[in-house]
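Peer 1: sequence first, predicted coordinates after that:
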Amino acid sequence: MRRREYLMGLGTAATVPTAGCTDAFGVWEDAPEPAAERADARIEGAWPTHGFDAENTRRADAPGPVDELTGLWEAENQIFGDPIIGNSIVYTTQGQDMHVRTREAATGEWVDTPLDGASGSVEAIAKDVAVLLDVDDAAREPILRCVGLDDGTERWRTAVEGDRPERIAVVGSRVCVLDVDISGGGYGLVLSSYDIDDGTMHWSKRVRDGDGERLIPHFQLACDDDAAFVSIGDRLVADSITEGERLWTDPFDALEAPLACGPVVGDDRIIVGTDDGVLTAFDSDGVLDWQFESPSVASDLAVGEDVVYAGTSRIELIDSSSGERIDSVHNVPNDQIALGDGTLYATADGELSAIDTGTGEERATLSVETTTVESDQGTPFETAQLSEIAVVDDMLFVSRPDSSDDPSTVFAIGPDERH
């Protein structure tokens with residue numbers, strides 16, 4: 001189940017199955033009760049929010065697995081998307097009542113922690129708290145909750161301004177939320193800022209009117225210390241983090257086609273991809289910096305040191321200062337990409353690859369078996385689509401969508417020595 005599907009069904013009982021697993025790597029294990037003691041095996045790093053950080057760089061200062069990709073463990077996760085990892089724990093969401101399950105990141109063992117069993121899904125970890133997306137039982141409306149990691153105590157809860165929170169980014173003491181609002185008869189977007197310490201709403205504004213439109217265009221949120229950047233259909237807007245006032249809106253009409261991916265923020269630039277295969281970079285003032293024509297529409301972006309990586313029919317490496325092509329590698333259609341320290345990870349139709357960023361050499365691959373899902377028109381088809389890749393220490397974490405028989409599955413992948 002994708003988060004969007006979960007929130008669309010707030011008024012009715014969930015119908016997602018809670019049992020069963022395809023055991024794609026042959027390593028499925030679970031226990032009837034959580035372990036009372038933490039495992040000795042630990043990981044030190046974290047993937048604390050979707051996209052790794054508020055900028056959506058999808059870049060971790062971690063080596064990741066390089067020369068071998070081995071399936072280590074897998075577990076069901078009701079919501080398809082980035083796993084959230086911190087404190088050597090993978091936070092998954094389970095059950096028809098959508099509650100948190102905490103698993104040892106290194107081993108997959110279900111472990112008893114203060115957050116295990118909490119209602120909702122963990123969207124971000126910051127400071128000593130977790131930010132959860134949840135549902136108010138009485139009103140059947142989405143809410144945000146902030147819960148202490150050490151004791152599981154709820155610090156605060158607040159109703160959101162729209163109907164369906166889709167992206168949450170934590171910037172310092174601010175929690176920025178982009179959510180869909182259908183009250184105007186179409187799909188509008190509301191951007192809000194809350195205080196992470198007490199839940200106070202600093203500001204909230206409508207960044208897109210629905211105008212009766214029944215189709216949702218591509219939209220995404222990325223933030224730096226000064227601004228929140230929102231991609232909306234064929235526009236990119238920037239609003240002040242502190243006050244919420246509009247800073248700029250793609251002032252030179254550089255975007256000539258609907259947005260397909262981004263924004264990501266890196267090297268003082270905001271980068272987006274459009275449906276015509278063009279990548280566009282703006283500076284922090286909204287001034288067009290450069291444009292790059294890729295061979296096909298980019299499905300994902302990542303930003304490394306001085307380099308933009310674009311997943312298209314191959315992976316394009318682009319100089320982030322000039323917009324010039326540096327190289328292209330991995331000549332297959334790429335779905336998702338992420339960066340470790342010296343290694344680029346990419347998924348393509350269920351195959352996960354580790355690519356040396358210096359040489360472009362494919363160092364290792366791993367395939368995940370397909371699962372049957374339904375299209376928007378209800379037609380079943382086989383897919384091995386994987387979610388965004390989380391890179392933590394020498395491990396990777398990815399999810400596969402649910403099917404009619406199985407819930408979404410989170411996979412832990414690493415070197416064979418971790419078995």
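Peer 2: Arrived safely. In this text the structure is predicted, and so the values were computed from the model without any measurement.
Peer 1: so which strand or helix has residue 133?
Peer 2: Assigned by DSSP states H and E, residue 133 falls within strand 129-136.
Peer 1: got the contact list for that strand?
Peer 2: With contact meaning C-beta atoms under 8 Å, 6 or more residues apart in numbering, strand 129-136 is reached by 3, 10, 91, 98, 100, 115, 118-125, 141-149, 155, 157, 159, 165, 168, 170, 175, 196. Using the backbone N, CA and C atoms, a C-beta is placed for each residue, glycine as well.
Peer 1: what strands flank it, and is each parallel or antiparallel?
Peer 2: In the sheet, strand 129-136 lines up against strand 121-126 (antiparallel), strand 141-148 (antiparallel) (DSSP bridges).
Peer 1: and it, what's buried?
Peer 2: By neighbour count on 16 or more other C-beta atoms under 10 Å, the buried set for strand 129-136 is 129, 130, 131, 132, 133, 134, 135.
Peer 1: likewise stretch 146-162?
Peer 2: Neighbour count says stretch 146-162 has 146, 147, 149, 155, 156, 158, 160, 161, 162 buried, by 16+ other C-beta under 10 Å.
Peer 1: make sure the first one is actually in contact with residue 154.
Peer 2: Going back to what we said before, that points to residue 146. Yes. Residue 146 lies in contact with residue 154 (C-beta atoms under 8 Å); the separation is 7.2 Å.
Peer 1: export only the CA atoms of the strand or helix carrying residue 292, formatted as CSV.
Peer 2: Assessed by DSSP H and E, residue 292 sits inside strand 288-293. Provided in CSV are the C-alpha atoms of strand 288-293 (Å, rounded to 0.1, in the frame of the first residue of the first chain):
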residue,chain,number,x,y,z
LEU,A,288,18.0,30.1,-14.4
ASP,A,289,21.5,28.6,-14.2
TRP,A,290,21.7,25.9,-16.8
GLN,A,291,19.6,23.3,-18.7
PHE,A,292,20.6,19.9,-19.9
GLU,A,293,18.9,17.8,-22.5
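Peer 1: the helix or strand following it pairs with which strands?
Peer 2: The helix or strand immediately downstream of strand 288-293 is strand 300-304, counting by DSSP H and E. Strand 300-304 sits in its sheet next to strand 307-311 (antiparallel), going by DSSP bridges.
Peer 1: off-centre distance for the partner strand?
Peer 2: Distance of strand 307-311 from the chain centroid (C-alpha atoms, centre = their mean, to the nearest Å) equals 17 Å.
Peer 1: next secondary structure element downstream of it?
Peer 2: strand 315-319.
Peer 1: quick check: mean pLDDT of whichever helix or strand comes after that next one?
Peer 2: Downstream of strand 315-319, the first helix or strand assigned by DSSP H and E is strand 325-329. Averaging pLDDT along strand 325-329 yields 93.
Peer 1: ok, residue 60 - contacts?
Peer 2: With C-beta under 8 Å, 6+ apart, residue 60 has these contacts: 45, 47, 52, 338, 339, 340, 341, 390, 391, 392.
Peer 1: oops, could you answer that again for residue 327 instead?
Peer 2: Contacts of residue 327 by C-beta under 8 Å, 6+ apart are 317, 360.
Peer 1: please report how far it lies from residue 353.
Peer 2: 16 Å (C-beta to C-beta, to the nearest Å).
Peer 1: enumerate every residue touching the residue most central in space within the chain.
Peer 2: With distances taken as C-alpha atoms, centre = their mean, the residue of the chain nearest its centroid is residue 50 (3.3 Å). Counting by C-beta under 8 Å, 6+ apart, residue 50 touches 81, 82, 84, 123, 124, 167, 168, 388.
Peer 1: among those residues, which one has the most neighbours?
Peer 2: The most crowded member of the contacts of residue 50, judged by other C-beta atoms under 10 Å, is residue 123 (27 neighbours).
Peer 1: any stretches of the stretch 151-300 of the chain with poor pLDDT?
Peer 2: 184-185, 210-216, 251-252 (pLDDT under 70).
Peer 1: distance check, residue 180 against residue 46.
Peer 2: According to C-beta to C-beta, residue 180 stands 28 Å off from residue 46.
Peer 1: same question but for residue 368, I mixed them up
Peer 2: Relative to residue 46, residue 368 is positioned 24 Å away (C-beta to C-beta).
Peer 1: so residue 335 makes contact with residue 348?
Peer 2: Yes. In this structure, residue 335 is within contact of residue 348 by C-beta under 8 Å, at 6.0 Å.
Peer 1: spell out the residue ranges of the strands in the stretch 101-250 of the chain.
Peer 2: Using DSSP state E, counting those that start in this stretch, the strands of the stretch 101-250 of the chain run over residues 121-126, 129-136, 141-148, 154-159, 164-171, 174-181, 188-195, 201-208, 219-223, 227-232, 235-240, 246-249.
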